[in-house]
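Visitor: sharing a model prediction with you, sequence too.
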Amino acid sequence: MAKKLALIASKGSLDWAYPPFILASTAAALDYEVQIFFTFYGLTLLKKDLGDLKVSPLGNPAMPMPIPMPNFVQMLPGIESVATMIMKQKIADKGVASIEELRNACIEAGVKLIACQMTVDLFDFKKSDFITDIEFGGAATFFEFAGESNVNLFI
C-alpha cells in the first residue's frame, strides 16, 4: 500500500510558495501518493499567471537580510521590494528551481492539485484563471484523502 501525503497550501507569497511544491515533489519521487489542497491566498499559486510573487521581512524576524533591520524599518515603503529582489537574486544565484518549475515537476510526478472551490467563489476567480492540470473541490474533497494519509501538513 502506497504512503500518502496530504498538504494544505494557504499562503501565496514567494517564501511560502516553495514548501508545498518542494515537499510534494520530493514525496512523489519517494513513491508517495500526494495531494495539495490550495485555499485562500495559497490558491494564487495555481493561477496561470503567478504574477510577481513577493516576500516581506515584516513579521518574519528570522528572514536573513544582508544588514540587521529593526521592525520599524521593515514597514517603510519599498522594503518589501528590496527583500523580494534579494530573495529572487539568492534563488537565482543558488540555482534553485522556480515556482513554475516546481509546480510542473509536481504535475509531471502525478501530484493532485486541488483548488478550493469556496475560495474561488469568495475571491470571484474564474476557472479560466487557473492552470488546466488541477481539480476543484471543497474541504470534503481534501478530508477524503487526508483521512487516509500517513502525513498531513498545513503550510
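Guide: Looks like it came in fine. A quick note: this is a predicted structure, and the numbers were derived from the prediction, not measured.

Visitor: centre-most residue in this structure?
Guide: residue 17 (3.0 Å; CA atoms, centre = their mean).

Visitor: just give the nearest non-adjacent residue to it, would you?
Guide: For residue 17, ignoring the flanking residues on the chain, the nearest one in space by CB to CB, 6 or more residues apart in numbering is residue 99 at 4.8 Å. All C-beta atoms are positioned from the backbone trio N, CA, C, and that covers glycine.

Visitor: list the contacts of the one you found.
Guide: 14, 17-18, 21, 45, 50, 53 (CB atoms under 8 Å, 6 or more residues apart in numbering).

Visitor: quick one on the thing from earlier: shouldn't the residue nearest to the centre of the chain be within a helix?
Guide: Yes: counting by DSSP: H, G, I helix; E, B strand; the rest coil, residue 17 is located in a helix.

Visitor: so it touches residue 54, yeah?
Guide: No: look at residue 17 against residue 54 with CB atoms under 8 Å: they stay out of range, at 10.4 Å.

Visitor: Provide the backbone phi and psi angles at the residue nearest to residue 17.
Guide: phi -60, psi -40 (degrees, to the nearest 10).

Visitor: cool, and residue 8?
Guide: Taking degrees, to the nearest 10 as the convention, residue 8 sits at phi -110, psi 120.

Visitor: going forward can the numbers begin at 36, since that is how I track them
Guide: Happy to do that; since the first residue is 36 now, the last one works out to residue 43.

Visitor: gap between it and residue 91?
Guide: 21 Å (CB to CB, to the nearest Å).

Visitor: and the two? which has more neighbours close in?
Guide: residue 43 (21 against 18; other CB atoms under 10 Å).

Visitor: the more buried one and residue 75 touch, don't they?
Guide: No: the pair residue 43 / residue 75 is not scored as a contact, 9.6 Å apart, by CB under 8 Å.
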